[in-house]
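Asks: From the sequence below, what's the structure:
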Amino acid sequence: MPAAFVLESNHLTVKELWNEWYTGVFGRPSIVAMLEKKLPKSEGQRKLFARRKVIIDEIVKLARENTVQESQIAERLDVYRVTHGMSITKLQDDIKQKRGKGESVI
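Replies: Here you go, the predicted model:
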């Protein structure tokens, strides 16, 4: 287990981000496991975590509202992202903007 919080910064899909959050990637523990261990985050990791958490929170919220699995919502967000030509970061910005208006991306 790493001694510090480590997030992958180059995810190409929402599904990859979701997998890192719950299962881990590249032999590292999941984000959930690192949170449970209370591993320290560097300033850069804190910023990246906050941006990624926006997407994860949206997945959880939409899964509950639509009574579907979170993995299905991750896939839907990927379709939305690709359809609109967005990066993961742009998707996060779009989610925040729509939340502020009481809207949803899907």
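Asks: Please enumerate the strands of the protein.
Replies: Assigned by DSSP state E, the strands in the chain number zero.
Asks: which outside residues touch the longest helix seen in it?
Replies: Longest helix in the chain, counting residues (DSSP state H): helix 43-66. Here helix 43-66 makes contact (C-beta atoms under 8 Å, 6 or more residues apart in numbering) with 4-7, 9, 14, 17-18, 21, 31, 41, 69-70, 72-74, 76-77, 88-89, 91-92, 95-96, 99, 104-106. Bear in mind the C-beta positions are built from the backbone N, C-alpha and C, glycine included.
Asks: so how far is that helix from its chain's centroid?
Replies: Mean-position distance between helix 43-66 and its chain equals 5 Å (C-alpha atoms, centre = their mean, to the nearest Å).
Asks: in it, what's buried?
Replies: Burial within helix 43-66, assessed by neighbour count using 16 or more other C-beta atoms under 10 Å, is assigned to 45, 48-49, 51-52, 54-56, 58-59, 62-63.
Asks: quick one: which of those residues is nearest to Val82?
Replies: Among the buried residues of helix 43-66, Ile55 lies closest to Val82 (C-beta to C-beta), at 14.6 Å.
Asks: Quick check: the closest one vs Lys96, distance?
Replies: 10 Å (C-beta to C-beta, to the nearest Å).
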